[in-house]
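Participant: Have a look at this fold, sequence not included:
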């Protein structure tokens, strides 16, 4: 009889325990533990009763005897780095999708995506690799959400919205239909975005206004 796929969670913080709960609700996997770079956590047991079996380095990834991984880290740049490191170690990115979500049959989901409780993803949306769709956000029809992006709790994306690679959409923000958010851009919590946002820009407010333009040299 074949054994269950063994999954390691990279990141033992609060979101790591959200991912642990999702994986435990889904039959067919065994969670082997956490990896985390915090020195004080190594070898300890977390609130979820799992051990932090090592640091999030190549050696620990190769020694943890896992088949797949989920990177449960909110920061996009760090999550991307860890995602690429896990893949380089030969592990398979695993989707963590809460059973209490609504995802249309025509939706395309990338590898390693995390879809938390209460999320709705409507028809013909495309979600890239290593994207986090956090608690209760809504993604309407024909959205395109590029790799390594973070959609915070309570965000509402209208139809035909495009979210660039590595963009961060803050808690409770709303983005009107047809708007594009550039690569690496940040939308502040509670913002209402009514027009396109340039790559690397930071916007906030109602309606959203520019707080910082493209980073120098980018």
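Facilitator: Received the coordinates, thanks. Every value quoted in this text rests on a predicted model; they were computed, and no experiment measured them.
Participant: From the structure, what's the count of residues near residue 194?
Facilitator: The tally of other residues near residue 194 (other Cβ atoms under 10 Å) stands at 12. Every residue, glycine included, has its C-beta placed from N, CA and C.
Participant: For it, give me its contacts.
Facilitator: 176, 179, 207, 208 (Cβ atoms under 8 Å, 6 or more residues apart in numbering).
Participant: let's go with 10 Å and repeat that
Facilitator: By Cβ atoms under 10 Å, 6 or more residues apart in numbering, the contact list for residue 194 reads 174, 175, 176, 179, 206, 207, 208.
Participant: Could you save the residues you listed as a markdown table and add columns showing neighbour count?
Facilitator: Formatted as a markdown table, those follow (neighbours: other Cβ atoms under 10 Å):
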| residue | neighbour count |
| --- | --- |
| 174 | 20 |
| 175 | 26 |
| 176 | 17 |
| 179 | 20 |
| 206 | 12 |
| 207 | 11 |
| 208 | 24 |
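Participant: residues contacting the residue most central in space within the chain?
Facilitator: In the chain, the C-alpha nearest the mean C-alpha coordinate belongs to residue 132, at 2.1 Å (Cα atoms, centre = their mean). Residue 132 sits next to 15, 18-19, 71-74, 76, 79, 96, 112-116, 145, 148-152, 168 when contact means Cβ under 10 Å, 6+ apart.
Participant: from the contacts of residue 194, which is closest to residue 47?
Facilitator: Of all these, residue 174 has the smallest distance to residue 47: 32.9 Å, by Cβ to Cβ.
Participant: so who does the closest one touch?
Facilitator: For residue 174, the contacting residues are 138, 154-158, 187, 190-194, 206, 208, by Cβ under 10 Å, 6+ apart.
Participant: Domain-wise, how is this protein divided?
Facilitator: Residue ranges for each domain of the chain read 6-94, 95-209, as given by automatic domain parsing.
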